[in-house]
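Chemist: Have a look at this fold, sequence not included:
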């Protein structure tokens, strides 16, 4: 199957320092791909480069075989939707109005139905009429994701969508990612929780110091040797007691 998102030799240099370097990466329809690695490894930078939010210093990013910088803003919004780490709004928009912003690239008579559908899917319908800045961090996160889903783009680029969520909603968000992929879309998601990545991602890309050091299915990438080297701490990897995936256990050092 042809890749819909590709990075070829991509690098970004800022202030004389390479934040990411020599990144080769491709995502095809039907995949959920997790980007993992320690703080400062370049995960969010890779996501922003894939989104076309910044031009690479080296290499090129393609969407559907076309350079990402060749798309108009609206064309790009129809192909990919981006969830940043934080969605900061100081104005008194309601949660429903925030989700409605995701409809901007494709306004239609179905807008209200789509907005309601995505509020339900992210378990945020009960806060729909509340002012966005008044919501808890987890509620804001789910509303922001609903806005991204309402865009109805086939490519989702999600930066730490589970960071502020409780266990139930973490599971729910990753299940939504699988639904999108099962419907022919594709999801690239930055995660700090290695067990969420191992349980829900079809592929895991491990980054260290701006480079991809492993790319493959969970059992191939979530090894004790690699994880200990990348995260610089003792780690045990066992078989998950319920799912056919690795279970990652950080070990105490004292």
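Modeler: Cool, got the structure. Everything numeric in this text was worked out from a predicted model, so none of it was measured.

Chemist: all strands for the stretch 1-150 of the chain, in order.
Modeler: In the stretch 1-150 of the chain, strands defined by DSSP state E, counting those that start in this stretch lie at 5-14, 17-27, 32-36, 58-63, 66-67, 80-83, listed in chain order.

Chemist: Kindly compare burial across the ones you listed and name the winner.
Modeler: For the strands of the stretch 1-150 of the chain, the stretch with the most neighbours on average is strand 32-36, a mean of 26; neighbours defined as mean count of other C-beta atoms under 10 Å. No exception for glycine: its C-beta is placed from N, CA and C like everyone else's.

Chemist: picking up where we left off before, looking at the strands of the stretch 1-150 of the chain, spot the one closest to residue 157.
Modeler: Checking the strands of the stretch 1-150 of the chain against residue 157 by C-beta to C-beta gives strand 80-83 as the closest, at 4.8 Å.

Chemist: Let me know the average pLDDT across that closest one.
Modeler: This predicted structure assigns strand 80-83 an average pLDDT of 96.

Chemist: That one packs against which elements?
Modeler: Other elements packing on strand 80-83 under the criterion 3 or more C-beta pairs under 8 Å, 6 or more residues apart in numbering; DSSP states H and E are helix 43-51, helix 137-150, strand 155-159.

Chemist: how far out from the middle of the chain is the first one?
Modeler: When you say that, I think you mean helix 43-51. 9 Å (C-alpha atoms, centre = their mean, to the nearest Å).

Chemist: Direction-wise, compare that helix with strand 5-14 and give the angle.
Modeler: Here helix 43-51 runs at an angle of 120 degrees relative to strand 5-14 (axes from the mean of the first three to the mean of the last three C-alpha atoms, to 10 degrees).

Chemist: which strands and helices sit next to the longest helix seen in the chain?
Modeler: Longest helix of the chain, by residue count under DSSP state H: helix 167-182. Contact here means 3+ C-beta pairs under 8 Å, 6+ apart; on that basis helix 167-182 packs against strand 32-36, helix 137-150, strand 155-159, strand 186-190, helix 194-200.

Chemist: so which of those comes closest to residue 211?
Modeler: Between these, strand 32-36 lies closest to residue 211; by C-beta to C-beta that is 12.2 Å.

Chemist: The closest one pairs with which strands?
Modeler: strand 186-190 (parallel), strand 203-208 (parallel) (DSSP bridges).

Chemist: quick one on the thing from earlier: pipe the helices and strands packed on strand 80-83 into JSON lines and attach distance to residue 95, mean pLDDT and mean neighbour count per row.
Modeler: As requested, these are arranged in JSON lines below (distance: least, C-beta to C-beta, whole Å; pLDDT from 0 to 100; neighbours: other C-beta atoms under 10 Å):
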{"stretch": "helix 43-51", "distance to residue 95": "24", "mean pLDDT": "96", "mean neighbour count": "23"}
{"stretch": "helix 137-150", "distance to residue 95": "5", "mean pLDDT": "95", "mean neighbour count": "24"}
{"stretch": "strand 155-159", "distance to residue 95": "19", "mean pLDDT": "97", "mean neighbour count": "24"}
